[in-house]
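Enquirer: got a predicted structure plus its sequence, pasted below:
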Amino acid sequence: MLEKLFRLTAHGTTVRTEVRAGITTFMTMAYILAVNPGILSATGMEFDAVLTATALSAMVATLVMAFLANLPFALAPGMGINAFFAFTVCIGMGRSWQFALTAVLIEGILFIALTACNVREAIINAIPLPIKHAISGGIGLFIALIGLENAGVVRTGMSAAPDGALTGTLTALGSLQEPVVLVALVGMVVGGALLAAKVRGALLIAILSATIAGIPFGVTTLPDGWQPMGVPPSLSPVFMKFEFGQVLTMDMLVAVATFLFVDLFDSVGTLIGVASRANMLDAEGRVPKARQALFADAIGTTFGAICGTSTVTVYVESAAGVADGGRTGLTALTVAVLFGLSLFFAPVFQVIPAAATAPALVLVGLFMMEPILKVEWKDYAVAIPCFLALIIMPFSYSIADGIAFGIISHVLIKLASGKATELKPVAVLLALIFILKYLLL
């Protein structure tokens, strides 16, 4: 049955590999079960209810990815965009969380329409193949930075701005004597050694090893009265809580436009980057079943708003499962099942510290660099846009900004060098939209 559903043999994989890859992906992104409710609860939303909404929306969106697109990508409420939801729309603009949920619902419906009309797939196809390879490398640097910061190896010295970006000192080396850093280093050494020995499941073993190593250091802790299993919290405090009377306001327009822009290019960038790393792009640089994959996050966002959470998007941590051999929707199905189980076993997954998942993110960052070898770096018309896309992502803490700089520079260099006929109309349109975004928003 699984063979028929996911065509495992045709993709050169097995049930065991796919399930293991799904577990690895879930372990690297399970932090969202605690982090997303923590951020959204700043608006007055009930923490436990948002936790349930987070797990349910991730499960449903990832199930759509598994069965509709047969791709090994997982989805969940996105980081950064949830900070915009809480700190800009609710706290900064003084709007209620019900207002913000209404904006997310509208965004999700618009995404379904744009996907049905092939607009989002056209955007993916308009991005030049070399830039797609550079996006993979940029995401690699981005998630490696996240991993190093989570581990305390690197201190960004930054604080979260209202739009979810980080501001402050760029980077500095952390204290290598801190327990959190030592635990993360254990995971990196174990993971690195196992990868060098070509051991399957190296990333998952590294996460578990670091979790165990964190016990004597006090990094892995069990709260007082901890129980590994419980009844899922009620969804009712946040379910279907909308303010439709505010739909025609200017604040709603600004909120919807920002949600739409950030989510569009974050999800497209992640989809391209992870697909490139998995060698899934075809000869013309197209993502297989891109339209179906984009439906997954559009449906997930709409369903998530109904449940009571912020925008759902493709997760960059999907690269962890891909690096561990995941190639089909069975990997995504495994992640979805684990999100479903997390409703009952959330305390178990929350025990895994960030220091334990950090090594997996750093090592996956390494894997994501491989596609940049396909870029013709001696051709500066190609190299400059690719380089900008590559470095802007970690430096700006934004996948969307990296894509923007890559596309804008690609178009401007082609125009300046008299090669306008080589440009795709959609790429020119994207560059104009990006420029207007930076000038007006």
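Expert: Happy to help now that I have it. Numbers count the residues shown, from 1 in each chain.
Enquirer: remind me which residues of the protein are low pLDDT?
Expert: Scanning the chain for pLDDT under 70 picks out 80, 157-170, 200, 349-350, 441.
Enquirer: just give me the residue right at the centre of the chain.
Expert: Centroid-nearest residue in the chain, with CA atoms, centre = their mean: Y315, separated by 2.6 Å.
Enquirer: ok, now which ones touch L145?
Expert: Going by CB atoms under 8 Å, 6 or more residues apart in numbering, L145 touches V154, T156, T171, G365, P394, Y397. Placement of C-beta: from N, CA and C, glycine included.
Enquirer: where along the stretch 251-400 of the chain do the helices fall?
Expert: With DSSP state H, counting those that start in this stretch as the criterion, the stretch 251-400 of the chain has helices at 290-307, 318-323, 329-350, 354-367, 380-396, 399-416.
Enquirer: so which of those helices is nearest K198?
Expert: helix 318-323 (12.8 Å; CB to CB).
Enquirer: show me what the closest one is packed against.
Expert: helix 15-29, helix 129-151, helix 250-277, helix 329-350, helix 354-367 (3 or more CB pairs under 8 Å, 6 or more residues apart in numbering; DSSP states H and E).
Enquirer: try 6 Å this time
Expert: helix 15-29, helix 250-277, helix 354-367 (3 or more CB pairs under 6 Å, 6 or more residues apart in numbering; DSSP states H and E).
Enquirer: right, so of these, which gets closest to E422?
Expert: The nearest among the helices and strands packed on helix 318-323, by CB to CB, is helix 250-277 at 20.2 Å.
Enquirer: for that closest one, buried residues please.
Expert: For helix 250-277, burial by neighbour count (16 or more other CB atoms under 10 Å) applies to 252, 255-256, 258-277.
Enquirer: for stretch 6-25, same thing?
Expert: Applying 16+ other CB under 10 Å to stretch 6-25 flags 6, 8, 11, 13-14, 17-25 as buried.
Enquirer: endpoints of that stretch, how far apart?
Expert: For stretch 6-25, the first-to-last residue distance is 18 Å (CA to CA, to the nearest Å).
Enquirer: coming back round to it: and which of the buried residues of stretch 6-25 is nearest to G94?
Expert: T25 (37.7 Å).
Enquirer: can I assume the closest one is in contact with A74?
Expert: Yes: judged on CB atoms under 6 Å, T25 makes contact with A74 at a distance of 5.2 Å.
Enquirer: and for these two, which residues touch both?
Expert: S318, V335 (CB atoms under 6 Å, 6 or more residues apart in numbering).
Enquirer: for the stretch 101-250 of the chain, what spans make up the helices?
Expert: 119-126, 129-151, 179-196, 202-217, 250-277.
Enquirer: mind putting the ones you listed into CSV with distance to V238?
Expert: Listed next are the helices of the stretch 101-250 of the chain as CSV, based on distance: least, CB to CB, whole Å:
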stretch, distance to V238
helix 119-126, 28
helix 129-151, 27
helix 179-196, 32
helix 202-217, 30
helix 250-277, 17
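Enquirer: figure out which of those is closest to A319.
Expert: Closest approach to A319 among the helices of the stretch 101-250 of the chain is made by helix 250-277 (5.0 Å; CB to CB).
Enquirer: E317 versus the nearest residue to I408 once chain neighbours are set aside, what's the distance?
Expert: In this structure, I408 finds its nearest non-sequential neighbour in A431, 4.9 Å apart by CB to CB, 6 or more residues apart in numbering. Distance, A431 to E317, by CB to CB, to the nearest Å: 30 Å.
Enquirer: so between the two, which is more surrounded?
Expert: Ranked by neighbour count (other CB atoms under 10 Å), A431 and E317 place E317 first, with 28 against 22.
Enquirer: quick one: contacts for the more buried one?
Expert: E317 touches T28, M29, counting by CB under 6 Å, 6+ apart.
Enquirer: quick one: it from R95, how far?
Expert: In terms of CB to CB, E317 sits 30 Å off from R95.
Enquirer: try L129
Expert: 41 Å.
Enquirer: most tightly surrounded among the helices of the stretch 251-400 of the chain?
Expert: Highest mean neighbour count of the helices of the stretch 251-400 of the chain: helix 318-323, a mean of 30 (counted as mean count of other CB atoms under 10 Å).
Enquirer: which other residues reach it?
Expert: Residues beyond helix 318-323 that count as contacts (CB under 6 Å, 6+ apart) turn out to be 21-22, 24-25, 28, 72-74, 203, 274, 277-278, 331, 360, 364, 367-368.
Enquirer: what does stretch 300-313 contact?
Expert: Contacts to stretch 300-313, defined as CB under 6 Å, 6+ apart, come from residues 50, 53-54, 56-57, 60-61, 75, 77-78, 81-82, 85, 101, 104-105, 108, 238-240, 259, 263, 266-267, 297.
Enquirer: now stretch 178-188
Expert: Stretch 178-188 has contacts (CB under 6 Å, 6+ apart) with 151-153, 206, 210, 213-214, 217, 219, 355-356, 358-359.
Enquirer: if we can go back for a sec, from the contacts of L145, which is closest to G245?
Expert: Nearest to G245 among the contacts of L145, with distances taken as CB to CB, is Y397, at 35.1 Å.
Enquirer: got phi/psi on that closest one?
Expert: In terms of degrees, to the nearest 10, the main-chain angles of Y397 are phi 60, psi 40.
Enquirer: on that earlier part again, between the helices and strands packed on helix 318-323, which gets nearest to A389?
Expert: Among these, helix 250-277 sits nearest to A389 (CB to CB), with 8.9 Å.
Enquirer: packing partners for that closest one?
Expert: With contacts taken as 3+ CB pairs under 6 Å, 6+ apart, helix 250-277 sits against helix 97-116, helix 129-151, strand 312-314, helix 318-323, helix 399-416.
Enquirer: where's the fourth one relative to the chain centroid, distance-wise?
Expert: Here the centre of mass of C-alpha atoms in helix 318-323, compared against the chain's by CA atoms, centre = their mean, to the nearest Å, lies 11 Å away.
Enquirer: same thing with the first one?
Expert: If you compare the mean C-alpha spot of helix 97-116 with that of the full chain, they lie 18 Å apart, counting by CA atoms, centre = their mean.
Enquirer: report the backbone C-alpha coordinates of that helix in CSV.
Expert: Written as CSV, here are the backbone C-alpha positions of helix 97-116 (Å, rounded to 0.1, in the frame of the first residue of the first chain):
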residue,chain,number,x,y,z
TRP,A,97,-5.6,38.9,18.2
GLN,A,98,-9.0,38.2,16.6
PHE,A,99,-8.2,41.0,14.1
ALA,A,100,-4.8,39.3,13.3
LEU,A,101,-6.4,35.9,12.9
THR,A,102,-8.9,37.5,10.4
ALA,A,103,-5.9,38.8,8.4
VAL,A,104,-4.3,35.4,8.4
LEU,A,105,-7.6,33.8,7.2
ILE,A,106,-7.9,36.3,4.3
GLU,A,107,-4.2,35.6,3.4
GLY,A,108,-4.8,31.9,3.3
ILE,A,109,-7.9,32.3,1.0
LEU,A,110,-5.9,34.6,-1.3
PHE,A,111,-3.1,32.0,-1.3
ILE,A,112,-5.5,29.3,-2.4
ALA,A,113,-6.7,31.5,-5.2
LEU,A,114,-3.2,32.5,-6.3
THR,A,115,-2.1,28.8,-6.3
ALA,A,116,-5.2,27.7,-8.3
